[in-house]
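Chemist: What would the 3D arrangement of this be:
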Amino acid sequence: MIIGFIFWSILAVGLMAIGIISWRSKKPVGFFAGVKPPEVTDTVKYNHAVGKIWFVYAAVIELCGLPLLFMKRNSAGFAFLMLGVVGASIGLAVAYTIISTKYEKKP
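Modeler: Below is the predicted model:
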């Protein structure tokens, strides 16, 4: 299962890269696929907030993958691993909704 953990860690590093790109961007970053980024009041703070949630998400995903080092193949523990990923993904979407409402320009 070490190979599984290696692939899992590569995914977490990719998510971390998204956070770094979001953090360093000069224009407001998009979050959901196919949706234009909102017009924001403070681009730097907005991008840093989006970058932070990607960093946290990457860390949670990596922590969810740690049991891969100890589980046997076809273990029931995979269900808990997947539930953790689903919970983290829902948390990511909720956090972004809070950030977008905080920094979005009001008409």
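
Chemist: Of all the residues in whichever helix in the chain runs longest, which ones are buried?
Modeler: The single longest helix within the chain, with elements called by DSSP state H, is helix 77-103. Using 16 or more other Cβ atoms under 10 Å as the test for burial, helix 77-103 gives Leu81, Gly84, Val85, Ala88, Leu92, Ala95, Tyr96, Ile99, Ser100, Tyr103. C-betas here are computed from N, CA, C, even on glycine.

Chemist: counting contacts, what elements does whichever strand or helix holds Lys45 pack onto?
Modeler: Using DSSP states H and E, Lys45 sits within helix 43-65. Packing contacts for helix 43-65, counted by 3 or more Cβ pairs under 8 Å, 6 or more residues apart in numbering; DSSP states H and E, involve helix 2-24, helix 77-103.

Chemist: And the first one, what does it pack against?
Modeler: Spelled out, it's helix 2-24. helix 43-65.

Chemist: Using CSV, write out the CA atom coordinates for the helix it packs on.
Modeler: Below are the C-alpha coordinates for helix 43-65, written out as CSV (Å, rounded to 0.1, in the frame of the first residue of the first chain):
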residue,chain,number,x,y,z
THR,A,43,-7.6,40.9,-4.6
VAL,A,44,-4.6,40.1,-2.5
LYS,A,45,-6.6,39.2,0.6
TYR,A,46,-9.1,37.2,-1.5
ASN,A,47,-6.3,35.2,-3.2
HIS,A,48,-4.5,34.6,0.1
ALA,A,49,-7.7,33.3,1.6
VAL,A,50,-8.3,31.0,-1.3
GLY,A,51,-4.7,29.8,-1.2
LYS,A,52,-5.0,29.1,2.5
ILE,A,53,-8.1,26.9,2.0
TRP,A,54,-6.2,25.0,-0.7
PHE,A,55,-3.3,24.5,1.8
VAL,A,56,-5.6,23.2,4.5
TYR,A,57,-7.4,21.0,2.0
ALA,A,58,-4.1,19.5,0.8
ALA,A,59,-3.0,18.9,4.4
VAL,A,60,-6.3,17.2,5.3
ILE,A,61,-6.1,15.0,2.2
GLU,A,62,-2.6,14.0,3.1
LEU,A,63,-3.7,13.1,6.6
CYS,A,64,-6.6,11.1,5.3
GLY,A,65,-4.1,9.1,3.2
